[in-house]
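Visitor: Using only what follows, build the 3D model:
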Amino acid sequence: MPGRISAYLVAEIRPQVSGIIQKRLFNEGSDVKEGDVLYEIDPATYQAEYDNTMASLAKAEANLPPIRLKVERYKGLVPLKAVSQQDCDEAVASLKQAEADIEYWKAAAESARINLAHTHIKAPITGRIGKSNVTVGALATAHQGSAFATIQQLDPIYVDATQSSANLLRLKQKIAAGRIKGTGPNQVRVKLLLEEGTHYPLEGTLKFSDVTVNTSTGSFILRMVFPNPKHILLPGMYVRAIVQEGVIDRGILAPQEGVSRDSKGNPVALIVDGSDKVEQRVLRIDRAVGNKWLITEGLKPGDRLIVEGIQKVRPGASVKVIPLDAGRKEGLGAEKTAQPPAKKN
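Guide: Numbers count the residues shown, from 1 in each chain. I've put the predicted structure just below:
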């Protein structure tokens, strides 16, 4: 099946605060680890804001003890009628206001601390980083649309292949009929053919199949996961995935040169019966497997298929059969070669 490589994880690096970029701390195209600092934004403004909120928090905390002591004294004097109930209530309200101020400045200090930390832009995942789209001295805008750079995790890596929904239905019908023995989810093996036709040395596993069929193509996505320790597979690369969906225990493969078409376009083959006479059979073909056809109807085990000399014989004619190995030794290059019997003088 045709497929495309896609990264296992993708993270686009964007600033969360605004400011001037002071440093870039990575090499383009290198591997980075989660938590590595990639860019530094000028922190002066955010440092000052953090210091200001911390000072305001300290001021609010300093106002709290005398107000709390005042409330405690008033609560003891109210029963003695030394202070009015209103004065005590006002003191309690002042205490709650002071406590609320402390919580407010704690939240403001935490927000300022987060903004200050965001001046160091860190890698959210481990992977390979691409080219940088900004340079030192550029202005960064918080949550801007364009990314500074992109990190992609390449080991493991995804392969997304397309499968026809019609093929899936045919497969399920054959499994239900017992013609194909299905492989369970834990038994699915996946191999890859690279762009130049070579086999990828490591096997992958089938992750899942999509539940939605594309209405324009009539296909759905099969996602596979492959180990990629040497980074041979790169995102966007075209590959062909070989997925074992089922096993035909007694499948028949016929050489393609032994199958032709009749006037109606039906696949036909010439067979030599037990009395060495030619018989024509109409076949039903499932698919091509290498240079052979997978035959579902028309042939049975033991049939002798004519693959060379077809133009010399007709159905009902008596022929002399030369097996494949003997034909190769004689230079005929055929699996079964049929020839009319020699005429007697």
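Visitor: List the buried residues of stretch 284-299.
Guide: 285, 293, 295, 296, 298, 299 (16 or more other CB atoms under 10 Å). All C-beta atoms are positioned from the backbone trio N, CA, C, and that covers glycine.
Visitor: now, among these, which is nearest to residue 157?
Guide: residue 293 (34.5 Å; CB to CB).
Visitor: Can you classify that closest one by secondary structure?
Guide: For residue 293, the assignment made with DSSP: H, G, I helix; E, B strand; the rest coil gives strand.
Visitor: Wait, it touches residue 257, no?
Guide: No: using CB atoms under 8 Å, residue 293 is not in contact with residue 257, being 10.3 Å away.
Visitor: ok, back up a step: which residue in the buried residues of stretch 284-299 has the weakest pLDDT?
Guide: Scanning the buried residues of stretch 284-299 for pLDDT, the low point is residue 296. It has 84.
Visitor: That one sits in which helix or strand?
Guide: strand 292-297 (DSSP states H and E).
Visitor: And the contacts of that strand?
Guide: 179, 248, 251-256, 259, 267, 283-288 (CB atoms under 8 Å, 6 or more residues apart in numbering).
Visitor: Just the CA coordinates for it, please, in PDB.
Guide: Output in PDB follows, covering the C-alpha atoms of strand 292-297 (Å, rounded to 0.1, in the frame of the first residue of the first chain):
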ATOM      1  CA  LYS A 292       2.000 -14.300 -10.600                       C
ATOM      2  CA  TRP A 293      -1.700 -14.200 -10.300                       C
ATOM      3  CA  LEU A 294      -3.600 -15.300  -7.200                       C
ATOM      4  CA  ILE A 295      -6.300 -17.600  -8.600                       C
ATOM      5  CA  THR A 296      -9.600 -18.000  -6.700                       C
ATOM      6  CA  GLU A 297     -11.500 -20.100  -9.200                       C
END
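Visitor: Measure how far that strand is from the centre of its chain, please.
Guide: 33 Å (CA atoms, centre = their mean, to the nearest Å).
Visitor: after that strand comes which helix or strand?
Guide: Beyond strand 292-297 toward the C-terminal end (DSSP H and E), the next one is strand 304-305.
Visitor: quick one: contacts of that following strand?
Guide: 254, 255, 258, 269, 270, 271, 272, 299, 321, 335, 336.
Visitor: Recalculate using a threshold of 6 Å.
Guide: 254, 258, 269, 272, 336 (CB atoms under 6 Å, 6 or more residues apart in numbering).
Visitor: In the longest strand out of those in the chain, which residues are buried?
Guide: For the chain, the strand that runs over the most residues, judged by DSSP state E, is strand 149-164. Buried positions in strand 149-164, judged by neighbour count with 16+ other CB under 10 Å: 149-154, 156-163.
Visitor: hang on, the earlier thing: would you list the buried residues of stretch 284-299 in TSV and tack on distance to residue 308?
Guide: Listed next are those as TSV, based on distance: CB to CB, whole Å:
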residue	distance to residue 308
285	20
293	16
295	18
296	24
298	19
299	17
